[in-house]
Structure formats: structure tokens, C-alpha cells
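Peer 1: What follows is a predicted structure for the sequence shown.
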2 protein chains.
Amino acid sequence: MEREGILVVISGFAGAGKGTVVKGLMERYDNYALSVSMTTRAPRPGEEDGVAYFFVDKEKFEETIAAGGLIEYANYCGNYYGTPRKYVENMLRSGKDVILEIEIQGAMQIRKIYPTALLLFITPPDADTLRMRLKNRGTETDDVIRQRMERAARESEGMEDYDYIVVNDTVAQAVSDAHAVITAAHARPSRNGQLIQTLQEELRLMAVNSKV
Amino acid sequence: MEREGILVVISGFAGAGKGTVVKGLMERYDNYALSVSMTTRAPRPGEEDGVAYFFVDKEKFEETIAAGGLIEYANYCGNYYGTPRKYVENMLRSGKDVILEIEIQGAMQIRKIYPTALLLFITPPDADTLRMRLKNRGTETDDVIRQRMERAARESEGMEDYDYIVVNDTVAQAVSDAHAVITAAHARPSRNGQLIQTLQEELRLMAVNSKV
């Protein structure tokens, strides 16, 4: 059966394991396409253009905004991050569920433009787990960890605005749960209007004709 | 993590394969408990009391109604069918997702009493499949099949009132989809109030104390 893709927004605290869950979804199932963001942030060593991000300069980014080419964008720490529209809409039409890994601010923009988007918030089971994950990366200074925890505290105030909370305790379970949530969204009556209408008409006709 | 059970109502046309899907859920997963209905209908040959139904007489059934012992009941073709309250509520408290296989009329009663109940409608992919399934049972007369198709036509008008539509094309897929829908319901923010609140408090405290 042909089905239209769902726009899936995945947010969560830095250190919650969003990236790992998204990677798991892409590897385990074939219904997903991952949206690649555009950013003015400088590439980190080893980062290739077009993989995690499309790297552009500020002028190009602002041109793209002006042309309506982004479905959401935000500015963090002086850098722009945004989601190119064309790829997302093409993939949705082709039936793929398109994953956007974006921050709360962008997520709420998406909801306004795409009211049927599905908003998932990935969280560790508790705050200590988050702190330990950030520390165990071993790549951040205490100051950066402190900033991330403060930001997590602010972001946690917006958790209830998401459609679903996916607890990332073990990655395998979190990936299964995220997939279940997206599978369920496809089973909403509002996404099966054609099936329901056809069935109602067919049954009505059979009843009228007493066909057996 | 301790979680409260969800009351899952499963309805669908006669011949849609509700029973097979419910059996699949019970066999494949360990989070389900199946509610056994009470009825005044006479047992069919081989039907044991307490398996598919508790068989009682009209007087006993009406006493149970009067005592508030049923969470829903209905009368079909002169027989009462109802759902005993005690088993359902005990199982929900113990964390089981309780499955009720009931008709639309009963489903809408359940929704009023338990607004958090999850209502699933099982349907074949199209009307012809339904007709063929009813015919291939080989146990019903053409007249009975005709009555069932007429009833299906009426029941199909209520499909949109369900939370989810599960298409039973292959049983394995329908069981997976039904399980995904129920798994997803556990991930709603409204069912994770305690987790969210604790996390918000912990993160706020860590941020205030600048703990790293």
C-alpha cells in the first residue's frame, strides 16, 4: 500500500544519544531518510560536506532563507543551522519517513509549518546518566559540560510539548521504541482516510446488493 | 521502570481476524493480559467456562450490572455480553496492558469511563477480503454472511472514532503493528509525568549547584 512519509523531528539533550538512536533507525529499517542540515559553522576535522552538514557561508545561508529554501533555521552561538526544504519534501512524497535531528526551537517551528510532523524527545533515564555520558566522552572541558547541563535544564522545560518521550537507557530499546512510535503514527485514522473511505463504500455497495 | 498498564480495546468486523491478532499479541509478548467477558449466551460445543467467556444466566448478569461489577455491557441478538471490572483493574495496576475484544458500542462506553483507553480497529485491507474470509470459514450460511456484511457496512461508519486502524493483511504484520501502537502509547508525555518531573528537578538542581 502506498503511504506518505512522516516528518519525524528528533530532539534531546546533548549527550542523550540522539545521534546513536538516529543511526540505529537508519541501519535497522528501510523506511527512513535522514535530512542533512545546512550550517555556517566551520567543519570539524574529518567532517565531510554533505554528510552530517552542508557547510556554507553566511551569505549563501541568508540567500537560502530569503528564497524560502529552508523549512526551519536557528542561530546557535553565532552560527546558523537550517533544514533544506527540497530534500525533505521530495522524500516525504516518495514515502520515506524523514528524520530531522534538531533543537527545540527548530522543532516548534516545524510543528507550525507541518502540523502532522511527529516530535520525539530522546532523554536519558535520569540526570546523573546524562552527566556521566557527557563526562565520559572525555572531549569536553568541565566548563562545557556545565554549560550543557544548564542548557539541558532549560530544555527539559519543553519536554511535555513533544508528542513522545523516548527513554534512551539501552540504545537497542530506544531504537525499537522510536520505530514503534513512528509505525503507530502511520496507523492513525487521519493517515488512512483513503483506505477507510474505500472500505466504507465497498461494504455499503455489497450490503445494498446483498452480494455473498 | 514501573509503568501502569494501558486498557486496549480491540474491535473490528466479524471475519477481520481480531481473535487471531489478539492471540498473536498474547503469544509473542509478555506485557498483555486478556480480559474474559461475561455472557448469557449458551456455550457452543467445546467452549469451556472462563476461557473465551464466563457463562452465566440472565439473573446473575443483571445482578452484576446492578452491583457495578461490569465496566461495559451490551445486548446482541438477545444475549448480554459484558466486561468484569475487577480483573481489568487489578491487571492494569500490576502493569499489564489489558486487552478487551469488544464491539463498537462497548468500545465507546469504555472510552467514556476510561478516557486513556486505547481503541484499535482491526480491518481487512478491503471488503472482498472480508467477504472471502467469511465464506471460507465454511461454517456460515449465505444468510449469515449477508447479515455480517450488512453489519460490517454499518460498523465501518464508526472506524474514524478509533485511535488506530490496524490493517490485517498478514497476521504477523498486524500483530507487530498493534504492538507498536500500544508501545507508542506508553511513550506519551502524559504517561511519563513522573519521569519528566524528576528529570526537570534533577537538572535544575545540578545547574544551580554547577555540579560536574
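Peer 2: Cool, the structure landed.
Peer 1: how about the strands of chain A, start to end?
Peer 2: Counting by DSSP state E, one finds strands in chain A at the ranges A:7-12, A:32-34, A:37-39, A:53-55, A:70-76, A:79-84, A:97-101, A:118-123, A:164-167.
Peer 1: per-stretch mean pLDDT over these, give me the minimum one.
Peer 2: Mean pLDDT is lowest for strand A:70-76 out of these, coming in at a mean of 90.
Peer 1: can you count the residues close to the residue lying closest to residue A:28 once chain neighbours are set aside?
Peer 2: What sits nearest to residue A:28 in space, not counting adjacent residues and going by C-beta to C-beta, 6 or more residues apart in numbering or on different chains, is residue A:175, at 6.2 Å. For the C-beta atoms, the positions are set from N, CA and C on the backbone; glycine is no exception. Other residues within reach of residue A:175 by the criterion other C-beta atoms under 10 Å in any protein chain shown amount to 22.
Peer 1: Same check on residue A:153?
Peer 2: If you count neighbours by other C-beta under 10 Å, residue A:153 ends up with 21.
Peer 1: Can you check which of the strands of chain A gets nearest to chain B?
Peer 2: Taking C-beta to the nearest C-beta as the criterion, chain B comes closest to strand A:164-167 out of these, the separation being 4.4 Å.
Peer 1: what's next to that closest one, contact-wise?
Peer 2: A:21, A:118-125, A:159, A:174, A:177-178, A:181, B:1, B:184, B:187-189, B:192, B:195-196 (C-beta atoms under 8 Å, 6 or more residues apart in numbering or on different chains).
Peer 1: Write the ChimeraX selection for whichever of these are buried.
Peer 2: What follows is the ChimeraX syntax for the buried subset of these, where burial is set by 16 or more other C-beta atoms under 10 Å in any protein chain shown:
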select /A:21,118,119,120,121,122,123,124,159,174,177,178,181 /B:184,187,188,189,192,195,196
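Peer 1: show me the contacts for the residue nearest to residue A:28.
Peer 2: Residues touching residue A:175, when contacts are defined by C-beta under 8 Å, 6+ apart, comprise A:21, A:24, A:25, A:28.
Peer 1: swap the cut-off to 6 Å and go again
Peer 2: Shown in contact with residue A:175 (C-beta atoms under 6 Å, 6 or more residues apart in numbering or on different chains): A:21, A:24, A:25.
Peer 1: And residue A:177, by the same measure?
Peer 2: Taking C-beta under 6 Å, 6+ apart, one finds residue A:166 in contact with residue A:177.
Peer 1: Helices of chain A, residue ranges please.
Peer 2: In order along the chain, chain A carries the following helices (DSSP state H): A:18-28, A:58-66, A:85-93, A:104-113, A:127-137, A:142-156, A:171-186, A:193-209.
Peer 1: Dump those to a markdown table, plus mean pLDDT.
Peer 2: Output for the helices of chain A, formatted as a markdown table (pLDDT from 0 to 100):
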| stretch | mean pLDDT |
| --- | --- |
| helix A:18-28 | 95 |
| helix A:58-66 | 97 |
| helix A:85-93 | 94 |
| helix A:104-113 | 90 |
| helix A:127-137 | 89 |
| helix A:142-156 | 91 |
| helix A:171-186 | 97 |
| helix A:193-209 | 93 |
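Peer 1: Pick the most buried one from those helices.
Peer 2: Each of these was given a mean neighbour count from mean count of other C-beta atoms under 10 Å in any protein chain shown, and the largest, a mean of 20, is that of helix A:171-186.
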